[in-house]
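Engineer: Sequence unavailable; structure follows:
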């Protein structure tokens, strides 16, 4: 207990532990982002997290909860709006992503008595990781991994062929909702490490790197987690020693791993 | 289970104001092979998607026998290149045992591809994989959307033969969409020619003689199947709308003289 207590007392180790928790869920979710072409969608949700923070301050609820609820609401709004087909999905996403970010920033500027570290929110803050954040991260990770395990076959099947899945009695719409919930959770917890602007990178880059080496979907998922670990530990170390911003450092490390794998590994994947 | 698997009653699907499927009645029994033919945009895919429960009907009824297991062979397997997937893994996602999956692949002639990547299959191999995927569920009803697409001519005939054999083995019903008229005519029990509404239906030989069929597919196709012109009470324009109808166009009661 003493060692654990000491480790948790040190904010570098707290951040690293939190980063591992984030990588644990960013890997699997990142695979779904890549498989389902949700990169822009993820970006939109991540940007709306800032709006969630502003709203949490307004109505005084825990920040994480505010972010999760806002992301979920935006996700559901997106699904409903894209069904009307009034605008192309990428146009719609572009509008919502930047509007949510802008409204969040404007709302925050109206609250001068609340001190917010905007840079930390946008790009992640290594020093801001508290024990309570760790609880949130590992609690969220447990929920996401639990859901993924239970729904894995159905989620995979509806990703491969939605109509075939539907004919086979898989509840495609409910699964989509579950996936949104998981996204909201991951964004709420990953925000601490990489900041809202770079969450999508932490989702996509490790998954894309894993693709090069993976033979099965499960294999790709595991490798994405491993590359997430590498990105987080490398990035935080960089941030610690060179005093660079945490989020960008993590993403730079992820990108270097991506370059390394794609330039050296022969494509042996399925 | 009764012999009747599917019954459509006055099934209509509209996209906006446009009827895509218009008052269609049909029945499929166990052991039937029903082929849907028709020009592009005739509502063929929409019709089967309504049967499959993917598309909602605007009005009318789709009655399926309770407990009906449907094996669906979609037109494409458009898989993201980023998703690594072997043939075996794809089959196993059906939730059936490895031996059942292998047996199904064996039956459709692609068991040797068990370890291959789904991304590296040819058009014909993909169709046979999708057929095996439908087969492993032991379906009461097989629904195929242009199963021979991307398959070469020899492969097409073999594929339709296989579908007929599977019908006999599983004693299931079959509904398929096809453009391969010559092959379909030989492989099917009943053809419906769809152009929003059912233009004509019946045994392949009768249909190829039907003026509605000739109207829809043009003389060349019709002549190559059968030369049998006679009077027809309506025509279709390029959009498939009925024009020059001599009488109100109800349940497509063609007058044959």
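Structural biologist: Structure received. Since we're looking at a predicted model, the values are computed, not measured.

Engineer: For stretch A:118-137, the averaged confidence score.
Structural biologist: Mean pLDDT, stretch A:118-137: 83.

Engineer: quick one: the closest residue to chain A within the stretch 101-250 of chain B from residue B:126, how far?
Structural biologist: Closest residue of the stretch 101-250 of chain B to chain A, Cβ to the nearest Cβ: residue B:117 (3.9 Å). (C-beta placed from N, C-alpha, C; glycine too.) To residue B:126, residue B:117 is 12 Å away according to Cβ to Cβ, to the nearest Å.

Engineer: which of the two has more neighbours?
Structural biologist: Taking neighbours as other Cβ atoms under 10 Å in any protein chain shown, residue B:117 and residue B:126 compare with residue B:126 leading, 21 against 17.

Engineer: and stretch B:171-180, anywhere near chain A?
Structural biologist: No - judged by Cβ under 8 Å from any Cβ of the partner chain, stretch B:171-180 and chain A are separated, with a smallest distance of 12.6 Å.

Engineer: which is the next helix or strand following the helix or strand bottoming out on mean pLDDT in chain A?
Structural biologist: Scoring the helices and strands of chain A by mean pLDDT, DSSP states H and E places helix A:2-9 at the bottom, with a mean of 68. Sequence-wise, the next helix or strand downstream of helix A:2-9 (DSSP states H and E) is helix A:11-35.

Engineer: near chain B at all, that next one?
Structural biologist: Yes - interface with chain B: helix A:11-35 contributes A:34-35 (Cβ under 8 Å from any Cβ).

Engineer: May I see the buried residues of that helix?
Structural biologist: Within helix A:11-35, the residues that count as buried by 16 or more other Cβ atoms under 10 Å in any protein chain shown are A:14-35.

Engineer: Any residues of the stretch 151-270 of chain A in contact with chain B? List them.
Structural biologist: A:153, A:156-157, A:159-161, A:163-164, A:166-168, A:207-208, A:211, A:214-217, A:219-220, A:269-270.

Engineer: please redo it, this time with the cut-off set to 6 Å
Structural biologist: A:157, A:163-164, A:166-167, A:211, A:214-216, A:220, A:269-270 (Cβ under 6 Å from any Cβ of the partner chain).

Engineer: now, which of the residues you listed lie within strands?
Structural biologist: Within those, no residue falls in strands by DSSP state E.

Engineer: can you pick the most crowded of these?
Structural biologist: That'd be residue A:220 among these, by other Cβ under 10 Å, with 30 neighbours.

Engineer: Apart from its chain neighbours, what residue comes closest to that one?
Structural biologist: residue A:214 (3.4 Å; Cβ to Cβ, 6 or more residues apart in numbering or on different chains).

Engineer: name the element residue B:23 belongs to?
Structural biologist: Secondary structure (DSSP H and E) places residue B:23 in strand B:18-29.

Engineer: Against which helices or strands is the following helix or strand past that strand packed?
Structural biologist: For strand B:18-29, the following helix or strand on the C-terminal side (DSSP H and E) is strand B:33-37. Contacts defined by 3 or more Cβ pairs under 6 Å, 6 or more residues apart in numbering or on different chains; DSSP states H and E place strand B:33-37 against strand B:173-177, strand B:190-195.

Engineer: ok so, going back, the strand holding residue B:23 pairs with which strands, and in what direction?
Structural biologist: Under the criterion DSSP bridges, strand B:18-29 sits next to strand B:4-15 (antiparallel) in its sheet.

Engineer: list the buried ones in the partner strand?
Structural biologist: B:5-8, B:11-13.

Engineer: got it, and stretch A:225-237?
Structural biologist: Within stretch A:225-237, judged by 16+ other Cβ under 10 Å, the buried ones are A:225-236.

Engineer: Show me the longest helix that occurs in the chain.
Structural biologist: The chain I'm using is chain A. helix A:131-160 (DSSP state H).

Engineer: that answer is for a different chain, and I need it for chain B
Structural biologist: Max-length helix for chain B by DSSP H is helix B:153-170.

Engineer: by contact count, what packs against that helix?
Structural biologist: helix B:181-187.

Engineer: Flag every buried residue along the helix it packs on.
Structural biologist: Quick answer for helix B:181-187 (16+ other Cβ under 10 Å): B:181, B:183-185, B:187.

Engineer: What of stretch B:120-138?
Structural biologist: By neighbour count on 16+ other Cβ under 10 Å, the buried set for stretch B:120-138 is B:121, B:124-137.

Engineer: on that earlier part again, identify the residues contacting the strand holding residue B:23?
Structural biologist: With contact meaning Cβ atoms under 6 Å, 6 or more residues apart in numbering or on different chains, strand B:18-29 is reached by B:3-8, B:10-13, B:34, B:43, B:46-47, B:173, B:175, B:196-198.
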